[in-house]
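**Student:** What follows is a predicted protein model with its sequence.
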Amino acid sequence: MNESWLVLTLYSKTTDLNILSSYFDTCSLGSHDCDEKINLYFDFSSRHKVESILENINVKYKFEYDWSTENKKNWMENWKDFFTPVSINNEVIIIPDWDEKTYNHKYKIKLCPAMAFGTGHHESTQLIIQQMLYFKIHKYDSLLDLGAGSGILSILAKKMGLSKITSIDNDPVCMDNFNQNCSLSDVSGINFLTQDVHEFNDYNYDIILANIDKNNIIKILKKYQKNKTTARLILAGLLDINFSEIKENIGSCIIENHIQEGEWISISVKK
Ligand SMILES: C[S@@+](CC[C@H](N)C(=O)[O-])C[C@H]1O[C@@H](n2cnc3c(N)ncnc32)[C@H](O)[C@@H]1O
């Protein structure tokens, strides 16, 4: 196994960085942004794919970039410096595993930072958590978490009292981190599957969450429409420039609401 990650650093206006980095969603393993640059982390095997994406977006956008490598162990240590607590609506607090402070939030999620996506710092995760609170999902029984990453949303749902939760992610690094985060957060009984979300066909849940990326979300939306499910589908991982394309693919479903943080949006869909 290679001991290093391949790192692509993009330099541009902060407003353009989210758009630029979204082009790499399907192959990047993680990201870290700061001021007017963002580091995207990849396996060495993805270099060819990343270079071809770079070539395409170079035509459309103005940005600089460079390549580097980072030792996996150093990455974990550096990342610890940036993992500060995240509070959402004063109800949910997400903290790193070394934080022993007392918090008065109703729901406390404790995570160990690893390569799995989902520390609560990303706007898409914060938006979907706001939706979970807004739609009072503690009143429901079952939830399907598509693109579960670190398990942050599933753990919150379990803490809210939902009994049947299935969490799916195709990234093999997620399962260990997911199990670790469940035990740190004192929850159990969540069914985690390492699998492609498009190969999972049971949509018979009260709530379906999908914080992935535009292309995966459009595929999920199409499947949701054909399925007999009556679930509420809450989507994130979308930029505001994707909204019109989502509306074009909504069929006879209804958009209940959409909320925004910076360029990121979350949309709730019902039949
Ligand atoms: C933006 S992260 C969301 C993580 C977490 N749910 C959160 O809200 O912070 C998206 C996750 O979807 C996973 N993913 C992307 N495409 C997938 C697919 N086709 N099947 C399963 N998981 C996928 C990625 O591995 C990543 O962990």
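**Tutor:** Yep, that arrived.

**Student:** wait, what's in contact with Leu266?
**Tutor:** Slight slip there: residue 266 is Ser, not Leu. If you count contacts by CB atoms under 8 Å, 6 or more residues apart in numbering, Ser266 has them with Ser124, Leu127, Ile128, Gln130, Gln131, Ile234, Leu235, Ala236, Leu238, His258, Ile259, Gln260. In this view, the C-beta of every residue, glycine as well, is placed from N, C-alpha and C.

**Student:** nope, Leu184 is what I was after
**Tutor:** Asp97, Lys110, Leu111, Cys112.

**Student:** State the number of residues packed around the residue nearest to the last one when sequence neighbours are not counted.
**Tutor:** Pointing back at Cys112 there. Nearest non-adjacent residue to Cys112, counting by CB to CB, 6 or more residues apart in numbering: Asp97, 4.6 Å away. Neighbour count for Asp97, taken as other CB atoms under 10 Å: 15.

**Student:** Asp97 contacts Lys110, correct?
**Tutor:** Yes: using CB atoms under 8 Å, Asp97 is in contact with Lys110, at 5.6 Å.

**Student:** roughly how far apart are the residue nearest to Cys112 and Asn58?
**Tutor:** As defined by CB to CB, to the nearest Å, Asp97 lies at a distance of 40 Å from Asn58.

**Student:** Contact residues of this structure facing the ligand?
**Tutor:** Neighbours of the ligand within the chain, by CB under 6 Å from any ligand atom: 117-118, 124-125, 128, 147-149, 152-153, 168-171, 174, 196-198, 211-212, 216, 237.

**Student:** Would you list the buried entries among those residues?
**Tutor:** Among those, those classed as buried by 16 or more other CB atoms under 10 Å are 117-118, 124-125, 128, 147-149, 152-153, 168-169, 174, 197, 211-212, 216, 237.

**Student:** and Asp66, what helix or strand is that in?
**Tutor:** Element membership for Asp66 (DSSP states H and E) is strand 64-71.

**Student:** What of Met132?
**Tutor:** Residue-wise, Met132 maps onto helix 123-134 under DSSP H and E.

**Student:** That helix packs against which elements?
**Tutor:** strand 86-88, helix 152-160, strand 207-211, strand 232-239, strand 254-261, strand 264-270 (3 or more CB pairs under 8 Å, 6 or more residues apart in numbering; DSSP states H and E).

**Student:** Each with direction, which strands does the last one pair with?
**Tutor:** It stands for strand 264-270. With DSSP bridges as the test, strand 264-270 is paired with strand 232-239 (antiparallel), strand 254-261 (antiparallel).

**Student:** before we move on, what about the third one?
**Tutor:** Looking at strand 207-211 with DSSP bridges, its partner strands are strand 142-146 (parallel), strand 232-239 (parallel).

**Student:** Could you pull out the helices in the stretch 51-200 of the chain for me?
**Tutor:** 72-82, 123-134, 152-160, 174-184 (DSSP state H, counting those that start in this stretch).

**Student:** Columns distance to Ser142 on top of those, output as TSV?
**Tutor:** Below are the helices of the stretch 51-200 of the chain laid out as TSV (distance: least, CB to CB, whole Å):
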stretch	distance to Ser142
helix 72-82	33
helix 123-134	14
helix 152-160	9
helix 174-184	17
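
**Student:** Val86 touches Glu123, doesn't it?
**Tutor:** No: between Val86 and Glu123 there is no contact under CB under 8 Å: 11.0 Å.
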